[in-house]
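In: fold the following for me, if possible:
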Amino acid sequence: MKVYKVKVNGKVYEVEVESVTESNATITTPSKAPVTEEKNTPVVSNGAGTDLKAPMAGTILDVKVKVGDSVNVGDVICILEAMKLENEVVADTAGVIRSIAVSKGDSVQNGQLLVVIG
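Out: Purely as a prediction, here's the structure:
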C-alpha cells in the first residue's frame with residue numbers, strides 16, 4: 001500500500017491506495033455508419049406530370065394549392081409538421097397542379113405522393 005497526502009478545499013487528507021498493476025485492456029468502439037442524405041428528387045409518372053413526394057413522415061397542416069393552380073419552382077405546396085416543426089414543402093418544378101393526393105390533417109410517410117405537377 002502507498003500513502004498519499006491529498007489537499008481538498010484547504011484541508012489535507014491521508015489516503016492509502018492499494019498497488020495497482022497495469023493491464024493491457026483493449027477497448028473497442030463500434031464505428032459510425034456513414035450518413036447519407038436522401039434528396040427529394042422528382043419522379044416522372046407516366047407522362048402525366050412530376051410527382052412531388054413527402055420529404056419526411058409527418059402530418060399535413062395545410063395545402064396551399066388547388067388543382068389547376070400554376071406553380072413555379074420554390075412555391076409552397078403544403079405545410080408538413082414533423083417532430084413539432086412546420087416544414088414548407090415547395091415545388092421543385094414549374095407547371096400546373098394536376099392532382100392532389102393529400103388533405104389537411106392527413107398523416108404521410110416519407111416518399112408518399114403529395115401532388116402531381118404537370
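In: what mean pLDDT does stretch 78-87 get?
Out: Averaging pLDDT along stretch 78-87 gives 93.
In: buried residues, that stretch. List them.
Out: Residues of stretch 78-87 classed as buried: 78-80, 87 (neighbour count, 16 or more other CB atoms under 10 Å). No exception for glycine: its C-beta is placed from N, CA and C like everyone else's.
In: which of the residues you listed fall in strands?
Out: Using DSSP state E, the subset of those located in strands is 78-80, 87.
In: residues in contact with the most centrally placed residue in the chain?
Out: For the chain, the residue nearest the mean C-alpha position is Met56 (7.2 Å; CA atoms, centre = their mean). Residues in contact with Met56 (CB atoms under 8 Å, 6 or more residues apart in numbering) are 80, 82, 87, 110.
In: show me where pLDDT drops low in this structure?
Out: Counting by pLDDT under 70, the chain shows low-confidence ranges at 20-29, 31-48.
In: now with 90, please.
Out: In the predicted model, the chain carries pLDDT under 90 at residues 1-9, 14-49, 83-84, 118.
In: on the three-state scheme, Ser19 is what?
Out: What DSSP: H, G, I helix; E, B strand; the rest coil gives for Ser19 is coil.
In: ok, Ser99 - contacts?
Out: By CB under 8 Å, 6+ apart, the residues touching Ser99 are 49, 67, 115-116.
In: can you turn the buried part of those residues into a ChimeraX selection?
Out: In ChimeraX, this line selects whichever of those come out buried by 16+ other CB under 10 Å:
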select :49,115,116
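In: most widely separated two among the contacts of Ser99?
Out: Spatial extent of these (CB to CB) is set by the pair Gly49 and Val67 at 11.4 Å.
In: now the common contact residues for the two.
Out: Here Gly49 and Val67 have 98-99 as joint contacts, going by CB under 8 Å, 6+ apart.
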